[in-house]
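Chemist: Here is my input, please return the structure:
(chains A, B, C and D)
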Number of protein chains: 2
Amino acid sequence: MTAPTTAAVVVVILTVVEDDLMVLLIRRSAEPFADYWALPGGVLPEGESLDRAAARKLLDETGVSDVYLEQLYTFGELSGGKPAAKRQKGPADDRRPTTGSRSIVITYFALVQDEQVRLRDSDAWHPAWHNAYTLPALAFDNNQVVDYAIRRLRAKLEYTNVAYSLLPRTFTLSELQQVYEAILDRQMDKRNFRRRMLSLGIIKAAGGTRMEGAHRPAQLYTFTKREPMVV
Amino acid sequence: MTAPTTAAVVVVILTVVEDDLMVLLIRRSAEPFADYWALPGGVLPEGESLDRAAARKLLDETGVSDVYLEQLYTFGELSGGKPAAKRQKGPADDRRPTTGSRSIVITYFALVQDEQVRLRDSDAWHPAWHNAYTLPALAFDNNQVVDYAIRRLRAKLEYTNVAYSLLPRTFTLSELQQVYEAILDRQMDKRNFRRRMLSLGIIKAAGGTRMEGAHRPAQLYTFTKREPMVV
DNA sequence: ACAAAAGTGTTCTTTGTACACCCATGT
DNA sequence: ACATGGGTGTACAAAGAACACTTTTGT
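Modeler: Got it, this is the predicted structure:
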């Protein structure tokens, strides 16, 4: 009765460093795709909900919790798994030698502040940040998964406050704009940006100010509410 | 190595009849939730991709293929499964007696023209259309799944041509507007509606006309392109 | 003095919304 | 003749995009 199915969870962990959107990748040591970079993930343990499994994976890799985390898409193709063969169509992804039994991969994406992250360097795989817009060929169809995460993030940036977990509780407008520019990969006008953020109710003035190096003190803002957060 | 996981696919099949958005439901005969209405679905067969399984399920239930079909969300909570206990939070869904081993449910939604549909009446479960806005309490968390499908559909209506598989290849503006009004559940202005559809490039004039009962001949339109379609 | 970042308003264009009348046909 | 549905344009409001100069502070 039970179809022989393996389920895995994969997380696209994103952050913004300076002007760049970065993705957390690990280095695979085992076949298939040995020595390829891949998204962190793992087999779904019995008795754990999908959301919790994703949150745990995120915690394992970065040490952070309580951040924006959202389910992306579920892949269930039957990808044989040879690196070289360019399989561009039909998104598929895996954690295990697939051949034969089905493998379902549920993907999530998360947004973290890079200062809060403690990457595990002791590991066999070497977790590291990579520029999301200049990725090498990744294991499985992970490139497509990252692209999908970025598309979704971009769409949500425009009308939600997903960005909240990319910044401290209070922040300056310039900091926020920098985050937006990194993700959307284009420059914006300061004045229009402020007006839009305020009129959409995404942020509000927090009251204080902060000194930013050799400059005028900058006003601080907060997000009005922290969006739907999984777990 | 392999977690004891059951995977199922569930499809929210929607259509518009007259002024109403309808969902296809079947009547459960087995526990859990015997005698409850539920979304059609079934265990995912080994060796079939998710998209194909969803398309096949749709074909089984309605006889149609080549329509808009999109993955919605994947539920993986561990719902025990007693009907009475109102479990409002934590979306979960199932096809099988869950208790113990995990069950993952991948949900899809599809849009069909009701004239093309041939419901299987011979079946033990009795597939039937139900008004999507006045549903009874369904099995599992199927109410939430339907709500989610409707939200997604509404969002996509505004900027894509998902509606294409709800209408014949050519149609009048009134027909299109009727579909939109049924789904969005509000009245719209004829003139603004036409302008928007045309300027967004969702439809274009098809050239011909059609006679609509006791009226002036109406101009025909087509969708400019048929959107991403699974399978 | 000058470099670096912060703050601020106006104009124009585009998009959306509200709104009313005439026409062709069938009964 | 009238009832039914099809077709059409304009005026106002709201949102988005373009655009330049002044202020504070540290070096």
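Chemist: what's the helix or strand hosting A:Leu72 packed up against?
Modeler: Per DSSP states H and E, A:Leu72 falls inside strand A:68-75. On a contact count with 3 or more Cβ pairs under 8 Å, 6 or more residues apart in numbering or on different chains; DSSP states H and E, strand A:68-75 meets helix A:50-62, strand A:102-111, helix A:142-157, strand B:68-75. Every C-beta, even on glycine, is put in place using the N, C-alpha and C of the backbone.
Chemist: Is any residue of the longest one near chain B?
Modeler: No. Shown here: helix A:142-157 not in contact with chain B (Cβ under 8 Å from any Cβ of the partner chain), separated by at least 10.1 Å.
Chemist: which residues are contacting that helix?
Modeler: For helix A:142-157, contacts defined as Cβ atoms under 8 Å, 6 or more residues apart in numbering or on different chains pick out A:10, A:12, A:14, A:21, A:23, A:37-39, A:70, A:72-73, A:75, A:91, A:93, A:107, A:109, A:111, A:132, A:135, A:137-138, A:162-163, A:180, A:183-184.
Chemist: Read off the pLDDT value for A:Asp19.
Modeler: For A:Asp19, the model assigns a pLDDT of 94.
Chemist: got it, and the one 4 residues further on?
Modeler: The per-residue pLDDT reported for A:Val23 equals 98.
Chemist: does chain B sit close to the longest strand along chain A?
Modeler: If you go by DSSP state E, chain A has its longest strand at strand A:5-17. Yes. Residues of strand A:5-17 contacting chain B under Cβ under 8 Å from any Cβ: A:5-7.
Chemist: For DNA strand C, state which of these is nearest.
Modeler: Of all these, DNA strand C sits closest to A:Ala7, with 40.7 Å by Cβ to the nearest atom of the strand.
Chemist: ok so, going back, who does the strand holding A:Leu72 pair up with?
Modeler: strand A:102-111 (antiparallel) (DSSP bridges).
Chemist: And the strand holding A:Leu72, how far out from the chain middle?
Modeler: Distance, stretch centre to chain centre, for strand A:68-75: 10 Å (Cα atoms, centre = their mean, to the nearest Å).
Chemist: rewinding a little: select from the residues of strand A:5-17 next to chain B the one having the most neighbours.
Modeler: Ranked by neighbour count (other Cβ atoms under 10 Å in any protein chain shown), those have A:Ala7 at the top, with 27 neighbours.
Chemist: hang on, it packs against B:Leu44?
Modeler: No. Taking contacts as Cβ atoms under 8 Å, A:Ala7 lies outside contact range of B:Leu44: 11.0 Å.
Chemist: where's A:Ile26 relative to A:Gln113, distance?
Modeler: The spacing between A:Ile26 and A:Gln113, counted by Cβ to Cβ, to the nearest Å, is 20 Å.
Chemist: List the buried residues of the longest strand of chain A.
Modeler: Within strand A:5-17, the residues scored as buried using 16 or more other Cβ atoms under 10 Å in any protein chain shown are A:5-16.
Chemist: Please identify which pair of those lies farthest apart.
Modeler: Farthest-apart pair in those is A:Thr5 and A:Val16; separation 36.3 Å (Cβ to Cβ).
Chemist: thinking again about what came up before, would you list the residues of strand A:5-17 next to chain B in a markdown table and tack on pLDDT?
Modeler: Output for those, formatted as a markdown table (pLDDT from 0 to 100):
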| residue | pLDDT |
| --- | --- |
| A:Thr5 | 78 |
| A:Thr6 | 87 |
| A:Ala7 | 92 |
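Chemist: got the contact list for the closest residue to A:His126 other than its chain neighbours?
Modeler: The spatially closest residue to A:His126, leaving aside those adjacent along the chain, is A:Arg27, at 4.9 Å (Cβ to Cβ, 6 or more residues apart in numbering or on different chains). Counting by Cβ under 8 Å, 6+ apart, A:Arg27 touches A:35-38, A:125-126, A:128.
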